[in-house]
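Asks: Sharing a sequence plus its predicted fold:
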Amino acid sequence: MTEHEFKPGIPQRVIHVSLRAIGDNIAAFYTYVSPLFGTSYIDAPRCDIKCDRPTYTLYVLDFASTLNGWTIHGADFVKNHDHLKASQGPENLSIQIFNPHRDDTSVDNFFIVYTNPNHRHGKLVPIDPQEGNIPPVFPE
């Protein structure tokens with residue numbers, strides 16, 4: 001590529017995640033702007049992560065969640081392990097998911113897995129951002 005050729009960059013979007021205890025469960029709430037529609041969401045119980053081009057999505061734990069001991073353990077790609085990629089952020093306070101894009105109607109099933117040694121059971125808490133706060137069923 002010569003110095004005068006333009007190579008478009010891959011865009012990034014940032015989603016702030018707030019984890020809150022609701023009874024014995026943990027719920028995630030998302031604050032972000034939809035890149036397709038420009039709509040702002042504040043503390044939404046689910047996250048529309050559809051994209052119309054390859055996109056990096058950076059999930060960042062908010063101040064209160066990190067103050068309460070939450071970190072991100074990783075990502076679990078249940079059905080889409082073949083194309084989604086994850087990169088852990090510094091101090092495990094964020095995670096970046098790369099979607100190379102198939103089409104803007106696809107729904108990728110994956111979980112962001114959170115952990116907190118101060119949590120009642122000290123266990124891993126997987127939450128799918130697109131499904132909202134529906135607890136997944138995993139074999140024990």
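Replies: Cool, got the structure.

Asks: Please name the bridge partners of the most centrally placed residue in the chain.
Replies: By CA atoms, centre = their mean, the mean C-alpha position of the chain lies nearest to Y59, the distance being 4.6 Å. Beta bridges link Y59 to I15, I95, judged by DSSP bridges.

Asks: I figured it hits S94, correct?
Replies: Yes: when contacts are counted by CB atoms under 8 Å, Y59 is listed as touching S94 (6.2 Å). Heads up, the C-betas are built off the backbone N, CA and C, glycines and all.

Asks: Identify the contacts common to the two.
Replies: Taking CB atoms under 8 Å, 6 or more residues apart in numbering as the criterion, Y59 and S94 both touch I72.

Asks: what are the ranges of the strands in the chain?
Replies: 12-22, 25-33, 40-44, 55-61, 71-76, 85-88, 94-99, 111-115, 124-127 (DSSP state E).

Asks: low-confidence ranges in this structure?
Replies: 1-7, 79-82, 102-107, 121-122, 134-140 (pLDDT under 70).
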